[in-house]
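>>> Fold the stuff below for me.
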Amino acid sequence: MLKLLKVMARLRDPNGGCPWDLQQSFKTIYPYTIEEAYEVADAIENEDWDSLKDELGDLLLQSVYHAQMATEDNLFTFEDVAQHVADKMIERHPHVFGDGSANDENDVNAIWEVQKEKERSRKAGRESTEKKSALDGVALALPSLMRAQKLQKRASRTGFEWTKTEQILDKLDEEIKELRHAVEVQDQNNVVEEFGDILFVIANLARLMNVDCEGALRSTNRKFETRFKGMEDDLEKSDRKMTDLTLDEILALWQKQKTK
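Predicted coordinates:
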């Protein structure tokens, strides 16, 4: 860890450091941070443990990078970051490090939410005396489906929530009807709005059914890729092109991949 910190400091050293690294800022680096997090997820999805080791290192570098820039601006140090997260983990686990107790996962989740709420209250007190929303703190940079689920989870704490999947399915039917109408009258702006409403309702349905939208869609994307590439392989073996086939022929190939 000390070696990595020294390497990063050297890269950012105005006297002989890397010209590219010296030009970077928090705003130019954070897209790489997001990208590295997704590459970690990809390695896990593929169960590629050698790649996971590499990608975790790349993600760690991002924390070190941001901490180095913060040190240069006298904001905080990497030591502060590590100390803060260690203290936070201890505080959020009183059943491990304190006198609390937890018998199962539900108990742990309840403790976790109580501790997080205490942290949010302290943070709100530091930042402002103005009235705060229950939705504050949900990062804008999150993927939209993930952010939708987090917003809905926050709202549910206030009682703003359907409790039965049938209620959400009814709402989904309603939104689909509204989308059909927007399509029929060729109102493109309304089409976009209604499409967003459908995605939001689906995200809420997934949350109530304990389904991670991002994870579910990643899995479906991977399944689509596997089947489509299988179709391409079959066509290549028979010296045919997909563009020369009818839709029925393409669907027959697709069904063959599903059977496989």
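>>> Tell me how far residue 158 lies from residue 111.
Distance of residue 158 to residue 111, given as CB to CB, to the nearest Å: 20 Å. To be clear about C-beta, it is placed using only N, CA and C from the backbone, and glycine gets the same treatment.
>>> cool, and residue 89?
Residue 89 sits 12 Å away from residue 111, going by CB to CB.
>>> Tell me which of the two has more neighbours.
The residue with the greater number of neighbours, taking residue 89 and residue 111 and applying other CB atoms under 10 Å, is residue 111; the counts read 18 against 11.
>>> now for the host helix or strand of the more buried one, which elements pack on it?
When elements are assigned from DSSP states H and E, residue 111 belongs to helix 105-127. In this structure, helix 105-127 makes packing contacts with helix 78-92, helix 94-97, judged by 3 or more CB pairs under 8 Å, 6 or more residues apart in numbering; DSSP states H and E.
>>> Pick out the shakiest of the ones you listed, pLDDT-wise.
Across the helices and strands packed on helix 105-127, helix 94-97 has the smallest mean pLDDT, namely a mean of 88.
>>> From the rest of the structure, what touches that one?
With contacts defined as CB atoms under 8 Å, 6 or more residues apart in numbering, helix 94-97 is touched by 90, 100-102, 107-108, 111, 115.
>>> hmm, which helix or strand of the protein has the shakiest average pLDDT?
The weakest-scoring helix or strand in the chain, judged by mean pLDDT, DSSP states H and E, is helix 105-127 (a mean of 76).
>>> got the angle for that helix vs helix 78-92?
130 degrees (axes from the mean of the first three to the mean of the last three CA atoms, to 10 degrees).
>>> Could you give the separation of helix 105-127 from the chain centroid?
For helix 105-127, the distance between its averaged C-alpha position and the chain's averaged C-alpha position is 20 Å (CA atoms, centre = their mean, to the nearest Å).
>>> What of stretch 159-179?
Here the centre of mass of C-alpha atoms in stretch 159-179, compared against the chain's by CA atoms, centre = their mean, lies 24 Å away.
>>> and what of stretch 216-228?
Here stretch 216-228 shows a centroid-to-chain-centroid distance of 17 Å under the convention CA atoms, centre = their mean.
>>> average model confidence for that stretch?
Mean pLDDT, taken over the full extent of stretch 216-228, equals 92.
>>> now swap in stretch 253-260 and tell me
Taken as a whole, stretch 253-260 carries a mean pLDDT of 93.
>>> Could I get the full set of helices for the stretch 151-260 of the chain?
When secondary structure is read from DSSP state H, counting those that start in this stretch, the stretch 151-260 of the chain shows helices at 165-184, 188-208, 213-237, 247-259.
>>> can you put those helices in JSON lines and add distance to residue 1?
Output for the helices of the stretch 151-260 of the chain, formatted as JSON lines (distance: least, CB to CB, whole Å):
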{"stretch": "helix 165-184", "distance to residue 1": "46"}
{"stretch": "helix 188-208", "distance to residue 1": "37"}
{"stretch": "helix 213-237", "distance to residue 1": "30"}
{"stretch": "helix 247-259", "distance to residue 1": "47"}
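>>> Among the ones you listed, which comes closest to residue 134?
helix 188-208 (15.5 Å; CB to CB).
>>> In the closest one, which of the residues would be classed as buried?
191, 194, 197-198, 200-208 (16 or more other CB atoms under 10 Å).
>>> domains of this protein?
Each domain of the chain is listed here as a residue range: 2-92, 144-259, per automatic domain parsing.
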